[in-house]
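A.B. asks: here is my input; please provide its structure:
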Amino acid sequence: MTTTILHIDASARRNGSATRDLSQRIVNHLGAGRIIRRDLATPLPLLTEDWIAANFTPADQRDATQRDRLALSDELVDELVRADTIVIGLPIYNFSVPAAFKAWIDLVARAGLTFSYTENGPQGLLTGKRAILAIASGGTRVGSEIDFATNYAKHVLGFIGIDNVDVVAADQMALDAEAALSNAQKAVAELAA
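C.D. replies: Numbering: from 1, shown residues only. Just a heads-up that it's a prediction; the model follows:
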């Protein structure tokens, strides 16, 4: 049993979402002592000049306004730190990730917290974690040359240190939704707990 799961849903659809269904199946399959929920259908703020200025101010020199600007980002990073496994319901929108997921990435990719710069390049700091991407698409085949979501998500997770990433795909649902969902559900059942 996984101790703590961070369950993220990036679909704008709260009802009838294939990725929401798949990510919930994965969470249920894995079992957890604790589940942290993050629904990105409730929009996260985009980065602003003030946020960037606060982020690049050393933590011990930030004023109350700067700490307030970074509070949500700090909370999102803390969710990642506490999780052993991250399950992400990730639809492919227009060949890439939803804007809501990109906003989450921008808020959690923080130098000194989730990665650091070293003489050998960036080093992810959130090592020893597992991520499972529950990906769905209408016409894009996961892993194809027009899938800019899957490799991007895997790359960003690796950038912050999470390089153990599994993918459960219900892709090309516009062609055969029943077969795509059936294959994805079989893949969920085969995931190691």
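
A.B. asks: okay, and the beta partners of residue 115?
C.D. replies: Taking DSSP bridges, one obtains residue 111, residue 124 as the residues bridged to residue 115.

A.B. asks: give me the element residue 145 is part of.
C.D. replies: Assigned by DSSP states H and E, residue 145 belongs to no helix or strand.

A.B. asks: tell me how far it lies from residue 151.
C.D. replies: 10 Å (CB to CB, to the nearest Å). Using the backbone N, CA and C atoms, a C-beta is placed for each residue, glycine as well.

A.B. asks: between those two, who's got more neighbours?
C.D. replies: Higher neighbour count among residue 145 and residue 151: residue 151, with 11 against 8, using other CB atoms under 10 Å.

A.B. asks: which residues sit against the helix or strand that one falls within?
C.D. replies: Assigned by DSSP H and E, residue 151 belongs to helix 150-159. If you take CB atoms under 8 Å, 6 or more residues apart in numbering as the criterion, helix 150-159 is touched by 86, 88, 90, 92, 96-97, 101, 105, 109, 115, 122, 124, 131, 133, 135, 142-143, 163, 165, 167, 169.

A.B. asks: avg pLDDT for the next helix or strand after that helix?
C.D. replies: Going down the chain from helix 150-159, the next helix or strand is strand 164-170, by DSSP H and E. The average of the pLDDT scores along strand 164-170 is 97.

A.B. asks: ok, strand 164-170: who's next to it in the sheet?
C.D. replies: Strand 164-170 pairs in its sheet with strand 130-136 (parallel), by DSSP bridges.

A.B. asks: give me the mean pLDDT for the strand it pairs with.
C.D. replies: The average pLDDT within strand 130-136 is 98.

A.B. asks: just how off-centre is that strand within its chain?
C.D. replies: 8 Å (CA atoms, centre = their mean, to the nearest Å).

A.B. asks: output it as PDB, nothing but the C-alphas.
C.D. replies: Taking Å, rounded to 0.1, in the frame of the first residue of the first chain, the C-alpha atoms of strand 130-136 are listed here in PDB:
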ATOM      1  CA  ARG A 130       6.500   7.600  -8.400                       C
ATOM      2  CA  ALA A 131       4.100   9.300 -10.800                       C
ATOM      3  CA  ILE A 132       1.300   7.700 -12.800                       C
ATOM      4  CA  LEU A 133      -0.200   9.700 -15.700                       C
ATOM      5  CA  ALA A 134      -3.700   8.800 -16.700                       C
ATOM      6  CA  ILE A 135      -3.900  10.200 -20.200                       C
ATOM      7  CA  ALA A 136      -6.800  10.400 -22.600                       C
END
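
A.B. asks: apart from its chain neighbours, what residue comes closest to residue 29?
C.D. replies: residue 188 (5.5 Å; CB to CB, 6 or more residues apart in numbering).

A.B. asks: who are the contact partners of the one you found?
C.D. replies: 22, 25-26, 29, 168.

A.B. asks: and what of residue 112?
C.D. replies: residue 59.
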